[in-house]
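Colleague: Can you look at this prediction? I've put the sequence above it.
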Amino acid sequence: MVLSSDASIGMISDMNNNEDNLQPQSGNTNLWAPWRIEYIQSLTGDDGCFLCQYRDEPDKDSENLLLWRGENCLAVMNRFPYTGGHMLVAPMAHVAGLEDLSGPVMCEMMEMARDLQVLLKQTISPHGFNVGMNIGRCAGAGLPGHLHLHIVPRWNGDTNFMSALGDIRVIPQALSQLYEHLKTNSAKLELPKLS
Ligand SMILES: [Zn+2]
């Protein structure tokens, strides 16, 4: 299984169930994330919702790479990122659709997305971002029961020959190291600024 997204239209894919897409196709601009197989397979065991698990383990935020807890939402690093600094913002509640969210929860999600961009710009200087949601498994959601917003930093040329031809991506900074940088800069910038 190869996991892909079409960067040309800005969509982020959690997983792609189409077995026809087992191999990279030449000439595409997809982000390939073969290491995410481990993540996808991990979702089939036990209760399967790592967001609820992280929410319920406040003493393990550092271990879980959970950066921010708001009143209604949390922000966590994606453990199986498309690019360095790939973050997820999710409501505290285990809900699947936008229609399940109240105004204040949606507002807090977007405030966290906004502040994550500020923080990521300060910390790892991306050239752009993909921000988006996959709702439902057919739309690419790897965790369809718990809505989440992807914030994916992008750099010019980040879908380079390594990912397009070698089925490899280079994540240049260890997750825990980046987490510590984000924590430090977050405190300096007094983020998140939630209303
Ligand atoms: Zn959940």
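Modeller: Noted; the coordinates are in hand. Numbering: from 1, shown residues only.
Colleague: which other residues reach the helix or strand that contains R114?
Modeller: Taking DSSP states H and E as the definition, one finds R114 inside helix 103-124. Contact with helix 103-124 is made by 68, 70-73, 75, 84-85, 87, 89-91, 93, 98, 101, 126, 129, 131, 149, 151, 153, 173, 178, 181-182, 185-186, 189, 191-195, as judged by C-beta atoms under 8 Å, 6 or more residues apart in numbering. (Glycine included, C-beta is placed from N, CA and C.)
Colleague: Can you flag the buried ones in the residues you listed?
Modeller: 68, 70, 72-73, 75, 84-85, 87, 89-91, 93, 101, 126, 129, 131, 149, 151, 153, 178, 182, 185-186, 191-192 (16 or more other C-beta atoms under 10 Å).
Colleague: Which of the contacts of helix 103-124 fall within strands?
Modeller: Within those, residues falling in strands by DSSP state E are W68, C73, A75, M87, V89, A90, P91, F129, V131, L149, I151, P153.
Colleague: hmm, back to that, what angle do strand 149-154 and the helix holding R114 make with each other?
Modeller: Here helix 103-124 runs at an angle of 20 degrees relative to strand 149-154 (axes from the mean of the first three to the mean of the last three C-alpha atoms, to 10 degrees).
Colleague: Tell me how many other residues crowd D61.
Modeller: Other residues near D61 come to 17 when the count uses other C-beta atoms under 10 Å.
Colleague: returning to what we had before: which single one of the ones in strands among the contacts of helix 103-124 is nearest to the ion?
Modeller: A90 (7.6 Å; C-beta to the ion).
Colleague: give the contact list for the nearest residue to that closest one once chain neighbours are set aside.
Modeller: Excluding the flanking residues, the one nearest A90 by C-beta to C-beta, 6 or more residues apart in numbering is H148, at 4.0 Å. Contact analysis of H148 by C-beta under 8 Å, 6+ apart lists L51, L88, V89, A90, M133.
Colleague: What residues does this protein have near the ion?
Modeller: C49, L51, C52, H94, H146 (C-beta under 5 Å from the ion).
Colleague: hmm, 8 Å instead?
Modeller: For the chain, the contact set with the ion under C-beta under 8 Å from the ion comprises C49, F50, L51, C52, Q53, R55, A90, A93, H94, L143, G145, H146.
Colleague: Take the contacts of H148 and write them to JSON lines, including distance to L119.
Modeller: Below are the contacts of H148 laid out as JSON lines (distance: C-beta to C-beta, whole Å):
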{"residue": "L51", "distance to L119": "20"}
{"residue": "L88", "distance to L119": "14"}
{"residue": "V89", "distance to L119": "12"}
{"residue": "A90", "distance to L119": "17"}
{"residue": "M133", "distance to L119": "20"}
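Colleague: so which pair among those residues is furthest apart in space?
Modeller: L51 and M133 (13.4 Å; C-beta to C-beta).
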